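Undergrad: generate coordinates for the sequence data below:
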Amino acid sequence: MAGGKSTPKKDQALKVASGELVKTGQIMVRGIPVYKAGVNVAGLGTLYALCSGKVFFRHKKTSHGKVRTFIGVTPIKEKAAK
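TA: Model (predicted):
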């Protein structure tokens, strides 16, 4: 950054809401360490969907007593091609 000034990143955000439909590979969270990968979700800094489905959030307490928010995807069954 020029002049020692830094600007916050604009693309770091939660990209989806609970109950939304996502496609395989769609980015759900970018750059927010509060959210962790849950069921059918992968990634560390950028969380993305491993399958198409509906997004859900789950709060779980760790063994150290901290509450974490996990993002998961419930797969939806696609209609079989005839």
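Undergrad: CA atoms for contacts and neighbours, from now on please.
TA: Noted.
Undergrad: and for Gly25, the neighbour number?
TA: If you count neighbours by other Cα atoms under 10 Å, Gly25 ends up with 14.
Undergrad: run through the bridge partners of the closest residue to it other than its chain neighbours.
TA: Spatial nearest neighbour of Gly25, excluding adjacent residues (Cα to Cα, 6 or more residues apart in numbering): Ala49 at 5.0 Å. Counting by DSSP bridges, Ala49 is bridged to Val41.
Undergrad: is Ala49 in contact with Val16, as I believe?
TA: No. Using Cα atoms under 8 Å, Ala49 and Val16 do not qualify as a contacting pair, with a distance of 11.0 Å.
Undergrad: of these two, who's got more company?
TA: Ranked by neighbour count (other Cα under 10 Å), Ala49 and Val16 place Ala49 first, with 26 against 15.
Undergrad: quick revisit: which residues do Ala49 and Val16 both contact?
TA: Met28 (Cα atoms under 8 Å, 6 or more residues apart in numbering).
Undergrad: partner strands of the helix or strand bottoming out on mean pLDDT in the chain, with direction?
TA: Within the chain, no helix or strand scores below strand 13-14, which has a mean of 89 by mean pLDDT, DSSP states H and E. Sheet pairing here is set by DSSP bridges, and for strand 13-14 it gives strand 27-30 (antiparallel).
Undergrad: roughly how far is the partner strand from the heart of the chain?
TA: 5 Å (Cα atoms, centre = their mean, to the nearest Å).
Undergrad: C-terminal to that strand, what's the next element?
TA: Per DSSP states H and E, strand 27-30 leads on to strand 35-37 as the next helix or strand towards the C-terminus.
Undergrad: count of neighbours near Arg68?
TA: Residues lying near Arg68 (other Cα under 10 Å) number 14.
Undergrad: my guess is it meets Ala37, correct?
TA: No. Look at Arg68 against Ala37 with Cα under 8 Å: they stay out of range, at 10.3 Å.
Undergrad: show me where this structure has helices.
TA: In the chain, no helices are found when defined by DSSP state H.
Undergrad: how close does the closest residue in space to Lys54 that isn't next to it in sequence get to Gln12?
TA: Distances taken as Cα to Cα, 6+ apart place Leu21 nearest to Lys54, at 4.5 Å, with adjacent residues excluded. Leu21 is 20 Å from Gln12, where distance means Cα to Cα, to the nearest Å.
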